[in-house]
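Participant: Take this sequence and fold it.
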Amino acid sequence: MGSKVAFDAPRWIIDFSITFILAVFILIIALVFVNEKIDTNPIEADNIIKNLVYSCLVYSDEVSSYPGVIDINKLSKDRIKSCFSKDSLGYTVSLYDLEGNLIRNIDPEFNLNVFIPICEGNKDFICSENKEFILYMNDNKKFNGILSVVVISRV
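Facilitator: Modelled structure (predicted):
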């Protein structure tokens, strides 16, 4: 009987030690991921451009709506502001033809937009640009173009 107690005590210590080491390991991994800084600026730029192309600026006629086709008449400052706004970021929207000629440039005049020209050299802000090939309607004709969204946010 005495030998059985001597055998159970070290087994209990080993089990507790393994459990403790695993718990500490899981805690360290969790703390590393919680403290990780994740740059969401490119994701937000992608969300804005998807929202504009597939929801806000969608061309529609009497029959149907055409997601992915932009109505150039809806490309205005007030419409862009009502589509997507967030206090912690600003953005501009530009529409180009396939040769790179600017068709429309919309600056919704968010507070952070004044910093877009100096964003690349300023470490207080993060800028990203997202471009997407789109179709746009102008005078009831479809044209190919590029929609560019420049997003700025504070670090």
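Participant: buried residues in the helix-or-strand element of the chain with minimal mean pLDDT?
Facilitator: Ranking every helix and strand in the chain by mean pLDDT, DSSP states H and E puts helix 2-34 at the bottom, with a mean of 81. Neighbour counts over helix 2-34 (16 or more other C-beta atoms under 10 Å) mark no residue as buried. For the C-beta atoms, the positions are set from N, CA and C on the backbone; glycine is no exception.
Participant: Stretch 65-79 too?
Facilitator: Buried, per 16+ other C-beta under 10 Å, within stretch 65-79: 69-72, 74-75, 79.
Participant: go on, stretch 39-50?
Facilitator: 41, 44-45, 47-49.
Participant: Looking at those, which gets the smallest pLDDT?
Facilitator: Lowest pLDDT of these: residue 41, 79.
Participant: that older thread, now find how far off-centre the least confident helix or strand of the chain is within its chain.
Facilitator: Relative to the centre of its chain, helix 2-34 is centred 42 Å away, using C-alpha atoms, centre = their mean, to the nearest Å.
Participant: Save the buried residues of stretch 39-50 as JSON lines, and put in secondary structure and distance to residue 83 too.
Facilitator: Formatted as JSON lines, these follow (DSSP: H, G, I helix; E, B strand; the rest coil; distance: C-beta to C-beta, whole Å):
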{"residue": "41", "secondary structure": "helix", "distance to residue 83": "18"}
{"residue": "44", "secondary structure": "helix", "distance to residue 83": "13"}
{"residue": "45", "secondary structure": "helix", "distance to residue 83": "14"}
{"residue": "47", "secondary structure": "helix", "distance to residue 83": "11"}
{"residue": "48", "secondary structure": "helix", "distance to residue 83": "8"}
{"residue": "49", "secondary structure": "helix", "distance to residue 83": "11"}
